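Asker: just the structure for this:
(chains A, B, C and D)
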4 protein chains.
Amino acid sequence: MTETTETTEAAVVAVPGGQHEHDDAAGEHDGPHGYASDKTGYLKRMRRIEGQVRGIARMIDEDVYCIDVLTQVSAVTKALQAVSLALVEDHLGHCVVDAAKASDDAGAAKVREASEAIARLVRM
Amino acid sequence: MTETTETTEAAVVAVPGGQHEHDDAAGEHDGPHGYASDKTGYLKRMRRIEGQVRGIARMIDEDVYCIDVLTQVSAVTKALQAVSLALVEDHLGHCVVDAAKASDDAGAAKVREASEAIARLVRM
Amino acid sequence: MTETTETTEAAVVAVPGGQHEHDDAAGEHDGPHGYASDKTGYLKRMRRIEGQVRGIARMIDEDVYCIDVLTQVSAVTKALQAVSLALVEDHLGHCVVDAAKASDDAGAAKVREASEAIARLVRM
Amino acid sequence: MTETTETTEAAVVAVPGGQHEHDDAAGEHDGPHGYASDKTGYLKRMRRIEGQVRGIARMIDEDVYCIDVLTQVSAVTKALQAVSLALVEDHLGHCVVDAAKASDDAGAAKVREASEAIARLVRM
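Answerer: Residues are numbered from 1 along each chain as shown, chains lettered A, B, ... in the order given. Presented below is the predicted three-dimensional model:
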């Protein structure tokens, strides 16, 4: 489906700062990412969220009452926030801890970067 | 895809309080729903969000750096919150205003119901 | 205390859009405000929150552990959000409902204004 | 003022888990707290927030328009969230980094504890 692919591409491009710049800013990071140990779990959660998003579109298409649509949108938002919080914890427990052990500068850079991500999470 | 359909079904069932109970609580509501005037716009937004969610799954599958995944999850969460806020505004402008004009009791019930939905939005 | 008064003044000035402009935008509003029926309750809540804020300053001054300070800041933030949600409900139930009954334009203007306030609440 | 002191006391008691339990859970922590390097800055921010809270009470007392009160409550909530985010960053950069360097177990415990605090921040 061309349309969907384009949409996704646009979304990924929208990420401020490409993914490679982070390594420059926050020090090299060769090991596996924080979420690597539970990749299957994360993929399952994202697939479930995808299904919920599709469910909301169907509710709108079937003229379900606004408040019920709203409740469902809140539920999906909550599910996404739970994913964010799990990613933050995995990131702190792997990338940040590893950087802290490697050097003071690497640790400080990773803490800075993580804090900015947490701020985006809180302020949305 | 059987799996996806089941996921969605589960999500819809998870809505606390079926959609028909609201009418009892907040008075009859015969007119079109708040979002009816821009159904196409909402469906487009939800499809775009679905594509973004799929994009995040792909990022995880391709071992993209945690912080970049996190940034993208925050972007989708923000997009969902924008949908919520638009739904709230449409709901207030149609369902709540109509109820207020119909009777004091109907207006009060709709305000109560809308306030609970707003609280779910703020507290997540 | 001159210093405190100045601080407060600065805060009030920081409100985007003076309080009188709203009436122009959203129609005349002669009746009592939404929160008028429970002014004492709101004042009591704000006094309690003021005490909690002072308590956090004392925790910092006494070098209490970061996480405990953070927990307390979250509790106060939650208390402020609860006040916001109560204000929104009172506003919808009085000002918005009254405007809806007065005229379509007045109702629409108040809904617009309330929706913007709710957006500020959700996005912070 | 007895009343204010009691309010504050109640608030501090409301913190789930006393401050001493954390040390058991997350390992000894002898050094200064994360915010120690900018204690004066934090105290200044909290005093400013206290003044803003008092300003909101005055707005309510003087029957200022609901939406303006609401805007000001959102501004104070935002200021408190900014304090939370600064505390999180200082905590990660000092307590968590120090624990990570001390031992794997100490690091893991501090990451767990910090993640719970971040979750309280996001979910409120």
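Asker: up against chain D, what does chain A have?
Answerer: A:81, A:84-85, A:88-89, A:92-93, A:96-97, A:100-101, A:107-108, A:111-112, A:114-115, A:118-119, A:121-123 (C-beta under 8 Å from any C-beta of the partner chain). Just so you know, the C-beta spots here come from the backbone N, C-alpha and C atoms, and that holds for glycine as well.
Asker: buried ones only from those residues, please, as a ChimeraX command.
Answerer: Command for ChimeraX that selects the buried part of those, burial taken from 16 or more other C-beta atoms under 10 Å in any protein chain shown:
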select /A:81,84,85,88,89,92,93,96,97,100,107,108,111,114,115,118,119,121,122
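Asker: of the residues of chain A next to chain D, which are in range of chain C?
Answerer: A:Val122, A:Arg123.
Asker: element containing the residue most central in space within chain A, please.
Answerer: Nearest to the geometric centre of chain A sits A:Ser84, at 5.1 Å (C-alpha atoms, centre = their mean). Under DSSP states H and E, the secondary-structure element containing A:Ser84 is helix A:66-91.
Asker: what's that helix packed up against?
Answerer: Applying 3 or more C-beta pairs under 8 Å, 6 or more residues apart in numbering or on different chains; DSSP states H and E, one finds that helix A:66-91 contacts helix A:39-61, helix A:104-123, helix B:2-13, helix B:19-26, helix B:66-91, helix B:104-123, helix D:104-123.
Asker: make sure A:His94 is actually in contact with A:Gly34.
Answerer: Yes. Using C-beta atoms under 8 Å, A:His94 makes contact with A:Gly34 at a distance of 4.0 Å.
Asker: how close does A:Gly34 get to D:Glu50?
Answerer: According to C-beta to C-beta, to the nearest Å, A:Gly34 and D:Glu50 sit 38 Å apart.
Asker: the two: who's more crowded?
Answerer: A:Gly34 (27 against 22; other C-beta atoms under 10 Å in any protein chain shown).
Asker: mind checking the SS state of that one?
Answerer: coil (DSSP: H, G, I helix; E, B strand; the rest coil).
Asker: quick one, phi/psi of it?
Answerer: With angles defined as degrees, to the nearest 10, A:Gly34 sits at phi -60, psi -40.
Asker: now A:Val64
Answerer: Here is the backbone geometry of A:Val64 (degrees, to the nearest 10): phi -70, psi 150.
Asker: residue farthest from the centroid of chain A?
Answerer: A:Asp63 (30.6 Å).
Asker: please give the element, helix or strand, for that one.
Answerer: Applying DSSP H and E, one finds A:Asp63 in no helix or strand.
Asker: what's the distance between it and B:Leu85?
Answerer: Here A:Asp63 is placed at a distance of 20 Å from B:Leu85 (C-beta to C-beta).
Asker: in the helix holding A:Ser84, what counts as buried?
Answerer: In helix A:66-91, counting by 16+ other C-beta under 10 Å, buried: A:66-77, A:79-91.
Asker: return the distance of that helix from the chain's centre.
Answerer: Mean-position distance between helix A:66-91 and its chain equals 11 Å (C-alpha atoms, centre = their mean, to the nearest Å).
Asker: what's downstream of that helix, the next helix or strand?
Answerer: In N-to-C order, the element after helix A:66-91 by DSSP H and E is helix A:97-102.
Asker: what's that following helix packed up against?
Answerer: helix A:104-123, helix D:97-102, helix D:104-123.
Asker: want to throw those helices into TSV with mean pLDDT?
Answerer: Shown next, in TSV, are those (pLDDT from 0 to 100):
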stretch	mean pLDDT
helix A:104-123	96
helix D:97-102	97
helix D:104-123	96
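Asker: adding distance to C:Arg54, write those helices out as a markdown table.
Answerer: Shown next, in a markdown table, are the helices and strands packed on helix A:97-102 (distance: least, C-beta to C-beta, whole Å):
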| stretch | distance to C:Arg54 |
| --- | --- |
| helix A:104-123 | 24 |
| helix D:97-102 | 30 |
| helix D:104-123 | 21 |
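Asker: B:Met46 is nearest to which of those?
Answerer: helix A:104-123 (22.3 Å; C-beta to C-beta).
Asker: packing partners for that closest one?
Answerer: Against helix A:104-123 (3+ C-beta pairs under 8 Å, 6+ apart) you get helix A:19-26, helix A:66-91, helix A:97-102, helix B:66-91, helix D:66-91, helix D:97-102, helix D:104-123.
Asker: mind running it again at 7 Å?
Answerer: helix A:19-26, helix A:66-91, helix A:97-102, helix B:66-91, helix D:66-91, helix D:104-123 (3 or more C-beta pairs under 7 Å, 6 or more residues apart in numbering or on different chains; DSSP states H and E).
Asker: what is the least confident helix or strand in chain A?
Answerer: When the helices and strands of chain A are scored by mean pLDDT, DSSP states H and E, helix A:2-13 comes last with a mean of 37.
Asker: how much space separates the nearest residue to A:Ala79 once chain neighbours are set aside from A:Ala82?
Answerer: Once flanking residues are discounted, A:Ala79 sits nearest to A:Ile49: 5.3 Å by C-beta to C-beta, 6 or more residues apart in numbering or on different chains. Between A:Ile49 and A:Ala82 the distance is 10 Å, computed by C-beta to C-beta.
Asker: correct me, but A:Leu87 touches B:Tyr65?
Answerer: No. Here A:Leu87 does not reach B:Tyr65: they are 10.8 Å apart, not a contact under C-beta atoms under 7 Å.
Asker: list the buried ones in stretch A:37-56?
Answerer: A:42-43, A:45-56.
Asker: quick check, nearest of these to D:Asp38?
Answerer: A:Tyr42 (35.9 Å).
Asker: that closest one reaches A:Tyr35, doesn't it?
Answerer: Yes. Using C-beta under 7 Å, A:Tyr42 is in contact with A:Tyr35, at 5.5 Å.
Asker: show me whatever sits in contact with both of the two.
Answerer: B:Ile60 (C-beta atoms under 7 Å, 6 or more residues apart in numbering or on different chains).
Asker: now do the contacts for A:Val69.
Answerer: Contact analysis of A:Val69 by C-beta under 7 Å, 6+ apart lists A:Ile56, A:Met59, A:Ile60, B:Leu87.
Asker: farthest-separated two in these?
Answerer: Among the contacts of A:Val69, A:Met59 and B:Leu87 lie farthest apart (C-beta to C-beta), at 10.9 Å.
Asker: hang on, the earlier thing: spit out the contact partners of the residue nearest to the centre of chain A.
Answerer: A:Leu121, B:Leu70, B:Val73, B:Ser74.
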